[in-house]
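Student: Sequence below, structure please.
(one chain, ligands or ions: 1)
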Amino acid sequence: EKGGYDWFMQKEIAEQPQAVADTLLGRVNADGKLVLDEMRLSEEELRAITKIIVVACGTAYHAGLIAKYAIEHWTRIPVEVELAGEFRYRDPILTRDTLVIAISQSGETMDTLMAIRHAREQHSRVLAICNTNGSTIPRESDAVVYTHGGPEIGVASTKAFLTQLTACYLVGLYLAQVRGVKFNDEVAEVLTQLSDSPAAIAETLNRMDPVRKLARSMVGARTVLFLGRHVGYPMALEGALKLKELAYIHAEGFAAGELKHGPIALIEQDLPVVVVVPSPKRPLLHDKIVSNIQEVRARGAKTIVIAEDGDEAVAPYADFLFHVPELPILLQPLVATIPLQVFAAELADALGYDVDQPRNLAKSVTVE
Ligand code: BG6
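Tutor: Purely as a prediction, here's the structure:
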């Protein structure tokens, strides 16, 4: 059943190119238009949307944080992202013209379910992004986009995350298409880039041996920090979450711009700092991150850098440098997350922990 892999998570990490490809499958009709599964909201209703709120928990929440960058960019609709467990307790502003997007692999997470029930009571529309056919969250939603990731056994989410991202991109492009905000050419271009992404994901997986080796050398680490900017920020949060969940190592993700406002005080000799670097084609972003890497390294940090192919500007400041294939920045999480997953899983295994069943965690949390 593990198909030759040591753990389900290893298998699920390896299945990511296929999972993303399956999630993209059959989304474009004969006219070249994007179509979604169970879209029980009319184009008119979707055109009337004035605000989007994404609600989710854990890794799915990180997918939502990344979705915000893409959906706002493509549709110009303001997007908020909220932890589902916080949502209904703060009297959120919800109207008929608010679209709530619930992201949940299982479709049974109670915090997320309660959030969408609250949204529907306030007459907002709810769209679910879910991996489990016929589960409660999609049944209680106005529209569903299924991620076709197949069953995920490992408690810590990997392929579900990549397929959630894929579905979020599809929803963003669909809204852009329906609303005609951006030229349809841009939608078509991103769809092409998305359809190329499984090959880039597969290529990334082929490069993971040095990441495994590094992880196995780090069994003594007590704290690991993760830094990123733009979509690299949610990726940093996800990298830290994976390490906490699997290896029980204290880890925190920070927005790189915040470094000087606090976290830099934590830097000491040999502290591992993982940095996700945006493409050098975005020089404003890229150069700021390079200075952040220099700043932490000057204070003794051991820098573990994930950068795009061809980016050598970071090399002088990286103790370890891993390259991932080039994708447009909004899609970069599809590849740059993979070394973070592999790093956490390998380190956990090296420490002798059960990678598939981390202590105290459940795959689907059906209590609030
Ligand atoms: C958790 C799982 O508690 O629930 C996480 O351990 C997951 O991996 C989170 O991200 C949300 O689950 P779901 O099913 O709503 O995506």
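
Student: Now do the strands in the chain.
Tutor: For the chain, the strands defined by DSSP state E cover 38-39, 51-56, 79-83, 98-104, 125-130, 143-146, 223-228, 250-255, 272-276, 302-308, 320-324.

Student: For the ligand, which of the ones you listed is the nearest?
Tutor: strand 98-104 (3.2 Å; C-beta to the nearest ligand atom). Just so you know, the C-beta spots here come from the backbone N, C-alpha and C atoms, and that holds for glycine as well.

Student: Which residues of the stretch 101-250 of the chain lie near the ligand?
Tutor: Residues of the stretch 101-250 of the chain lying near the ligand by C-beta under 6 Å from any ligand atom: 104, 105, 106, 109, 112, 155, 156, 157.

Student: Now the stretch 201-350 of the chain against the ligand: closest residue?
Tutor: Closest point on the stretch 201-350 of the chain to the ligand, by C-beta to the nearest ligand atom, is residue 245, at 6.8 Å.

Student: What is the burial count for that residue?
Tutor: By other C-beta atoms under 10 Å, 24 other residues sit near residue 245.

Student: what sits against it?
Tutor: Residues in contact with residue 245 (C-beta atoms under 8 Å, 6 or more residues apart in numbering) are 155, 156, 344, 358, 361.

Student: which one of the residues of the stretch 101-250 of the chain next to the ligand is nearest residue 220?
Tutor: Of all those, residue 220 sits closest to residue 156, with 22.0 Å by C-beta to C-beta.

Student: quick one, what contacts that closest one?
Tutor: By C-beta under 8 Å, 6+ apart, the contact set of residue 156 is 9, 59, 242, 245, 246, 344, 345, 355, 358, 361.

Student: Return the distance of stretch 151-158 from the chain's centre.
Tutor: Offset of stretch 151-158 from its chain centre (C-alpha atoms, centre = their mean, to the nearest Å): 14 Å.

Student: tell me which residues of it are tucked away?
Tutor: Buried residues in stretch 151-158, counted by 16 or more other C-beta atoms under 10 Å: 152, 154, 155, 156, 157, 158.

Student: what is the rounded mean pLDDT of it?
Tutor: For stretch 151-158, mean pLDDT rounds to 91.

Student: State the phi and psi torsions of residue 36.
Tutor: Backbone torsions of residue 36, given as degrees, to the nearest 10, read phi -120, psi 160.

Student: Would you confirm that it contacts residue 172?
Tutor: No: counting by C-beta atoms under 8 Å, residue 36 does not reach residue 172; the two are 11.4 Å apart.

Student: of those two, who's got more company?
Tutor: Shown here are residue 36 and residue 172; by other C-beta under 10 Å, residue 172 has more neighbours (26 against 17).

Student: State the distance from the nearest residue to that one once chain neighbours are set aside to the ligand.
Tutor: Of all residues not flanking residue 172 in the chain, residue 71 sits nearest, at 3.9 Å (C-beta to C-beta, 6 or more residues apart in numbering). The spacing between residue 71 and the ligand, counted by C-beta to the nearest ligand atom, to the nearest Å, is 19 Å.

Student: Count the neighbours of residue 71 for me.
Tutor: Neighbourhood size, residue 71 [other C-beta under 10 Å]: 27.

Student: what residues are up against the residue minimising distance to the centre of the chain?
Tutor: Central residue of the chain (C-alpha atoms, centre = their mean): residue 63, 3.6 Å from the mean position. By C-beta under 8 Å, 6+ apart, the contact list for residue 63 reads 56, 103, 161, 164, 165, 168.

Student: Distance of it relative to residue 87?
Tutor: Distance check for residue 63 against residue 87: by C-beta to C-beta, to the nearest Å, it reads 16 Å.

Student: Residue 271 too?
Tutor: According to C-beta to C-beta, residue 271 stands 35 Å off from residue 87.

Student: Compare these two (neighbour count), which wins?
Tutor: Legend: neighbour count by other C-beta under 10 Å for residue 271 and residue 87, higher for residue 87 (24 against 18).

Student: Many thanks, have a good one.
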